[in-house]
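K.L.:
Sequence and computational prediction follow.
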Amino acid sequence: RNDGKIFKFCRPKCHKAFKVKKNPRKVRWTKSYRRTHGKEMAHDTTFDFERRQNVPVRYNRELYLKTLQAMKRIQDIRGRRERQFYRMRMATAKRTLKEQLDKKRAKEGRVTVTEQEEQSMMQIAEPAVARTAEQVAPQTVVRKAAQKITAPAPTTAPTLSFTFGAAPPAK
């Protein structure tokens, strides 16, 4: 570019896509694609807190601690809203899948559906739902305390005696 703008990329994959002039809104793995196609939240009030404020502020310990607490709270709120957004999106996807099944059955002339057919169609969508649920849900690490292993106490003390030739010479 001639305007001297500096671009920073998160990984070489993004840089290569930029160099070959790929439109990020059309490439499925980009963040902008997910936002423009309604896969992620695009508008939320918690996004307003991330904006940079280029106003110099003198260091104040209380202000610093309040800011950190507010950041944690905002992160929790955003997590809840993302999970709710995901649940709503999956509910509509499930509804449309059922409608498609009903249309297919009506076209074939079948009005009633066996439960087994419905289960098989829902299982097709489940891996994608589980995969995205892992991405959205916060991961918690649970550590178990180490268990103390005790060996049973011997009833009699073993006696061992070794003899290797003559005793060593005394000095």
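P.N.:
Here it is on my side, so go on.
K.L.:
hey, let's count contacts and neighbours off CA atoms from now on
P.N.:
Will do.
K.L.:
now Lys16, what's its secondary structure?
P.N.:
On the three-state scheme (DSSP: H, G, I helix; E, B strand; the rest coil), Lys16 is labelled helix.
K.L.:
Tell me the predicted confidence for it.
P.N.:
At Lys16, the predicted lDDT confidence score is 95.
K.L.:
Same question for the one 10 residues further on.
P.N.:
Taken from the predicted model, the pLDDT recorded for Lys26 is 94.
K.L.:
Skipping adjacent residues, who's closest to it in space?
P.N.:
Closest residue to Lys26 apart from its sequence neighbours, by C-alpha to C-alpha, 6 or more residues apart in numbering: Tyr33 at 6.0 Å.
K.L.:
contacting residues for Arg28?
P.N.:
Arg34 (C-alpha atoms under 8 Å, 6 or more residues apart in numbering).
K.L.:
and the residue nearest to Lys26, what element?
P.N.:
Element membership for Tyr33 (DSSP states H and E) is helix 31-36.
K.L.:
same for the very next helix or strand once past that helix, what does it pack against?
P.N.:
With elements assigned by DSSP H and E, the helix or strand that comes after helix 31-36 is helix 61-108. For helix 61-108, the packing partners by 3 or more C-alpha pairs under 8 Å, 6 or more residues apart in numbering; DSSP states H and E come out as helix 115-136.
K.L.:
same question for the helix it packs on, mean pLDDT?
P.N.:
According to the model, helix 115-136 has a mean pLDDT of 66.
K.L.:
Over to stretch 31-45?
P.N.:
Mean predicted lDDT for stretch 31-45 stands at 87.
K.L.:
Buried residues in it, which are they?
P.N.:
By neighbour count on 16 or more other C-alpha atoms under 10 Å, the buried set for stretch 31-45 is 32-34, 40.
K.L.:
what's the answer for stretch 98-111, then?
P.N.:
101-102.
K.L.:
C-alpha coordinates for it, PDB please?
P.N.:
Provided in PDB are the C-alpha atoms of stretch 98-111 (Å, rounded to 0.1, in the frame of the first residue of the first chain):
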ATOM      1  CA  LYS A  98     -37.600 -30.400  11.700                       C
ATOM      2  CA  GLU A  99     -39.500 -28.300   9.100                       C
ATOM      3  CA  GLN A 100     -37.200 -29.700   6.400                       C
ATOM      4  CA  LEU A 101     -37.900 -33.200   7.500                       C
ATOM      5  CA  ASP A 102     -41.700 -32.500   7.500                       C
ATOM      6  CA  LYS A 103     -41.500 -31.100   4.000                       C
ATOM      7  CA  LYS A 104     -39.500 -34.100   2.800                       C
ATOM      8  CA  ARG A 105     -42.000 -36.500   4.300                       C
ATOM      9  CA  ALA A 106     -45.000 -34.600   2.800                       C
ATOM     10  CA  LYS A 107     -43.300 -34.700  -0.600                       C
ATOM     11  CA  GLU A 108     -42.900 -38.500  -0.200                       C
ATOM     12  CA  GLY A 109     -46.500 -38.900   0.800                       C
ATOM     13  CA  ARG A 110     -45.700 -40.000   4.400                       C
ATOM     14  CA  VAL A 111     -47.500 -38.100   7.100                       C
END
